[in-house]
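> Here is my input; please provide its structure:
(2 chains)
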Amino acid sequence: MQEFKNLKDLPEQDYFTGGSSACAGCGPSMELKLALKALGPDTLVVNASGCMTLLPLYPNTPLKVSWIHNAIENAASTAAGARHGLDMLGEKDMNVVVFAGDGATYDIGFASLSAAATKNERIIYICYNNQSYGNTGFQWSTATPYGCETKTTPRGKDNPIGTTDVHKDMMKIMGAHRVYAATASLAYPVDFLNKLVRAKERGGFSYIEILGTCNTGWNFDPRLTVKVSRLAVQCGMWPLYEIDKGLLTLNKDFQELKPIDEFVKIQGRYRALPQEGVEKLQALINEHWAQLKEYNGQRYV
Amino acid sequence: MREEELPYKGIEGIPIIKEPGSASKVNRGSWRLVRPVYDREKCTKCKICFTYCPDAAINWTPEGPEINLKSCKGCMICVEECPTDAMTEEKEGT
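Alright, predicted model coming up:
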């Protein structure tokens, strides 16, 4: 399958229809729709419990592909089992794709993900990262960035920052498994679909992490979903890069990053973050960005 | 495997959804407070609205985008992202 050049080049066929129970302006459902464009009809989606579990609600489904729902811990194991089963039935062209949230990837399902990656099972693992447990009401997860307010890390007199911990660097962890790991954003759909094509061509385990922009959790107007995702990339909050067998490639390079203020001020989850918190967040982003620039084209992990 | 060979065939309580994409018949238009209005004159057929619609409510035809108001939840991403203002918003009930 060839890589796509621009938006007009993307397939017109959708394997996802409207009428689901996702929120208006939902980022992850847009990402699932885009992913299925690249993967095609011969796809089995394995879903760990999360927001996207509520898409196929009996008796209706918005999907035109197969779908397995399983517990939050073992999406990667289920996918690996399904892969072996399909291989034995001779269905070698069928794609097995995991679609799991950041809670199921970073925290609860991490053991099965790590095992599947170590064994280099031929599956594509897509993590839609909305930086919290969004389905249960926006609680803290290990993907929540510094300075973000969640239900379990509220801002108050004692703690004006909210989340004081720095989120886990999952890309580095997955890169260290010697597999294909990449970040993507819904604001750059051509880049996202090309990464899926590359993952499919490459075979073996692939980990793609996409920013699951969540307007209800992050507290902004649903019409800004794409704008917020684009700002996340331009501010360096969500840099687009890939790690293939330890080698780092920066896909979207900027001469100068936009100040993080622009990203912070349009979202309710950063409301009332003190100036010192914004400065610390900027410092963390600058440090990560400088590291990516330094190792671009070289061995990263 | 054919449907009649499935091991759980005939067991009650196991839900099987037989029609792919059956949710497209569900009316989510009632969620909407504002609706997108398309102007064919201004459209350059860039496919931005079609790509960014989270509910696949915009179908692509050779003449350009076609809005399915049954699936549109009124998030207004298409209005915000349209580079030529071919998509505008209108309040529901007017």
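
> Alongside chain B, which residues does chain A contribute?
Proximity of chain A to chain B (Cβ under 8 Å from any Cβ of the partner chain) is limited to residues A:7-8, A:10, A:12, A:14, A:16-20, A:22-27, A:29-30, A:33-34, A:55-56, A:58-65, A:186, A:189, A:215, A:222-227. Quick note: C-beta positions are derived from backbone N, CA and C, even for glycine.

> wait, what's in contact with the residue of chain B found nearest chain A?
Here chain B gets closest to chain A at one residue, B:Ser71, 2.4 Å apart by Cβ to the nearest Cβ. By Cβ atoms under 8 Å, 6 or more residues apart in numbering or on different chains, the contact list for B:Ser71 reads A:17-19, B:24, B:28-29, B:55-57.

> What is the nearest of these to A:Tyr207?
Nearest to A:Tyr207 out of the contacts of B:Ser71 is B:Ala56 (Cβ to Cβ; 26.0 Å).

> At which residues are the helices of the chain located?
Reading this off chain A. A:27-39, A:75-88, A:102, A:110-118, A:170-175, A:189-202, A:215-218, A:225-234, A:261-264, A:275-295 (DSSP state H).

> not what I meant, chain B
B:48-52, B:77-81.

> Was I right to think B:Trp31 contacts A:Ala24?
Yes. Taking contacts as Cβ atoms under 8 Å, B:Trp31 lies within contact range of A:Ala24: 6.1 Å.

> any shared contact partners between those two?
B:73-74.

> Between these two, which has more neighbouring residues?
A:Ala24 (21 against 14; other Cβ atoms under 10 Å in any protein chain shown).

> I'd like to know which of the residues of chain A next to chain B are buried.
A:10, A:14, A:16-20, A:22-27, A:29-30, A:33-34, A:55-56, A:60-65, A:186, A:189, A:215, A:222-227 (16 or more other Cβ atoms under 10 Å in any protein chain shown).

> pLDDT wise, what is the residue of chain B closest to chain A at?
Looking at B:Ser71, its pLDDT is 94.

> Leaving out sequence neighbours, find the closest residue to it.
Ranked by Cβ to Cβ, 6 or more residues apart in numbering or on different chains and with sequence neighbours excluded, the top spatial neighbour of B:Ser71 is A:Gly18, at 2.4 Å.

> What of A:Ile72?
Here the nearest residue to A:Ile72 in space, its sequence neighbours aside, is A:Ser49; by Cβ to Cβ, 6+ apart that works out to 4.2 Å.

> That neighbour reaches A:Asn74, doesn't it?
No. With contacts counted by Cβ under 8 Å, A:Ser49 stays clear of A:Asn74, the gap being 10.4 Å.

> Dump the helices of chain B to a markdown table, plus mean pLDDT and mean neighbour count.
Below are the helices of chain B laid out as a markdown table (pLDDT from 0 to 100; neighbours: other Cβ atoms under 10 Å in any protein chain shown):
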| stretch | mean pLDDT | mean neighbour count |
| --- | --- | --- |
| helix B:48-52 | 95 | 23 |
| helix B:77-81 | 96 | 22 |
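
> could those go into TSV alongside distance to chain A?
Formatted as TSV, the helices of chain B follow (distance: least, Cβ to the nearest Cβ, whole Å):
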stretch	distance to chain A
helix B:48-52	5
helix B:77-81	4
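
> Reformat those as TSV; add distance to A:Gly297.
Supplementary listing: the helices of chain B in TSV, determined by distance: least, Cβ to Cβ, whole Å:
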stretch	distance to A:Gly297
helix B:48-52	30
helix B:77-81	33
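
> which stretch among those comes nearest A:His84?
Nearest to A:His84, of the helices of chain B and by Cβ to Cβ, is helix B:48-52 at 34.8 Å.

> center of the chain, which residue is that?
By default, I'm working from chain A. With distances taken as Cα atoms, centre = their mean, the residue of chain A nearest its centroid is A:Ile210 (2.4 Å).

> my bad, the chain I had in mind was chain B
B:Ala57 (1.7 Å).

> tell me the contacts of it?
Neighbour list for B:Ala57: A:18, B:67-73 [criterion: Cβ under 8 Å, 6+ apart].

> What are the phi and psi values at it?
Taking degrees, to the nearest 10, you get phi -90, psi -10 for the backbone angles of B:Ala57.

> okay, now the closest residue in space to B:Lys91 that isn't next to it in sequence: neighbour count?
Distances taken as Cβ to Cβ, 6+ apart place B:Val34 nearest to B:Lys91, at 5.6 Å, with adjacent residues excluded. Applying other Cβ under 10 Å, we find 17 residues neighbouring B:Val34.

> I figured B:Val34 hits B:Lys73, correct?
No. Taking contacts as Cβ under 8 Å, B:Val34 lies outside contact range of B:Lys73: 10.5 Å.

> sorry, back to before: separation between the nearest residue to the residue nearest to the centre of chain A once chain neighbours are set aside and chain B?
Distances taken as Cβ to Cβ, 6+ apart place A:Ala184 nearest to A:Ile210, at 4.4 Å, with adjacent residues excluded. For A:Ala184, the distance to chain B equals 14 Å [Cβ to the nearest Cβ, to the nearest Å].

> tell me the pLDDT at A:Ala184?
In this model, A:Ala184 carries a pLDDT of 97.

> Show the contacting residues for it.
Counted by Cβ under 8 Å, 6+ apart, A:Ala184 has contacts A:191-192, A:195, A:208-211, A:240.
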